[in-house]
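1. What would the 3D arrangement of this be:
(one chain, ligands or ions: 1)
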Amino acid sequence: MVLSLSSFTINRERMIQEQLLARGIEDVRVLEVMRQTPRHIFVEDALKEQAYGDFPMPIGCGQTISQPYIVALMTEALELQGHEKVLEVGTGSGYQAVVLAQLCARVYTVERVELLMNRARRLFDRLRCHNISSRLDDGTIGWPAEAPFDRIIVTAAGPQVPAPLLEQLADPGRLIMPVGSRSEQMLQVVELIQGELRVHDITPVRFVDLIGAHGWAD
Ligand code: SAH
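-> Down below sits the predicted model:
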């Protein structure tokens, strides 16, 4: 019998072993979803062979798809059980949204760049991710009509957590976002439990700018 595994499948498994397991990602659901999700279709053709590398990659419009380890770390930190409504700010390529969609009830994802949003929407259709709602808007104001959200993930960096996002967080709820200057940030988890906010730091990171009413100026 000839076993034919595509180079993408092999690279993806290597990513799981060498980048995620080796660095302590333990949530088996997160690992399984990232083992199944074709990350290479979220980058342009010329970059497909590098899609499972240990680095962020350009997706056009000056934006990036996060490094696989950062996607895994942020997803694991959300502690999803499966029943949650999750708001993502910064759809970008759509990869993170597709990972989330396999781990929760529904993803609401917001992007401000139309070209990226259109491309991501085509991928949501192609992968039959019917539990993703998307919106072209400034995500720093959240998505009031669909609030509250059990989890919120912001995949661009701002000077502080936008106040509307804290207002739209369910109780109990959990938000993750890179917070800091334009050049370096701390990945922070904000937990809301019985009306009380608790913040803890995860790791220093570098993300692209969160641009909007409650982020950086354009
Ligand atoms: N989660 C993405 C990575 C996104 S990069 C992925 O999996 O590929 C960050 C994205 O945030 C960029 O596409 C950028 O345009 C977007 N962004 C920045 N500020 C925003 C805002 N206020 N509202 C919505 N999207 C924003």
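2. only C-alpha atoms for contact and neighbour calcs from this point on.
-> Will do.
3. who touches stretch 14-22?
-> Under the criterion CA atoms under 8 Å, 6 or more residues apart in numbering, residues 31, 34-35, 52-54, 68-69, 72 lie in contact with stretch 14-22.
4. Mind checking which of the residues you listed are buried?
-> For the contacts of stretch 14-22, a burial check counting by 16 or more other CA atoms under 10 Å picks out 31, 34-35, 52-54, 68-69, 72.
5. and of these, the nearest to the ligand?
-> Pro68 (9.4 Å; CA to the nearest ligand atom).
6. now the most centrally placed residue in the chain, nearest residue through space, not along the chain?
-> By CA atoms, centre = their mean, the chain has its centre lying nearest to Gln96, at 3.7 Å. Nearest-residue entry for Gln96: Val71, 6.6 Å, with adjacent residues in sequence omitted and distances by CA to CA, 6 or more residues apart in numbering.
7. for the chain, what spans make up the helices?
-> Remark: helices assigned in the chain by DSSP state H are 7-14, 28-36, 68-77, 95-101, 114-126, 163-167.
8. Can you tell me the closest non-neighbouring residue to Asp209?
-> Asp209 sits nearest to Ala157 (CA to CA, 6+ apart), 5.0 Å away.
9. Spit out the contact partners of the one you found.
-> The neighbourhood of Ala157, defined by CA under 8 Å, 6+ apart, consists of 177-180, 182, 185, 206-210.
10. Kindly recompute the last result at 6 Å.
-> The contact partners of Ala157, by CA atoms under 6 Å, 6 or more residues apart in numbering, come to 178-179, 207, 209-210.
11. So Thr37 versus the ligand, what's the distance?
-> 12 Å (CA to the nearest ligand atom, to the nearest Å).
12. what's the neighbour count on the closest residue in space to that residue that isn't next to it in sequence?
-> Nearest non-adjacent residue to Thr37, counting by CA to CA, 6+ apart: Val99, 7.1 Å away. As a burial measure, Val99 scores 22 neighbours (other CA atoms under 10 Å).
13. where does the protein come near the ligand, residue by residue?
-> Contact residues, the chain versus the ligand (CA under 6 Å from any ligand atom): 63-66, 89-96, 110-113, 138-140, 155-156, 208-212.
14. Serialize the contacts of Ala157 to JSON lines and add fields for neighbour count and pLDDT.
-> Output for the contacts of Ala157, formatted as JSON lines (neighbours: other CA atoms under 10 Å; pLDDT from 0 to 100):
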{"residue": "Pro178", "neighbour count": "30", "pLDDT": "98"}
{"residue": "Val179", "neighbour count": "25", "pLDDT": "98"}
{"residue": "Phe207", "neighbour count": "24", "pLDDT": "97"}
{"residue": "Asp209", "neighbour count": "21", "pLDDT": "98"}
{"residue": "Leu210", "neighbour count": "27", "pLDDT": "98"}
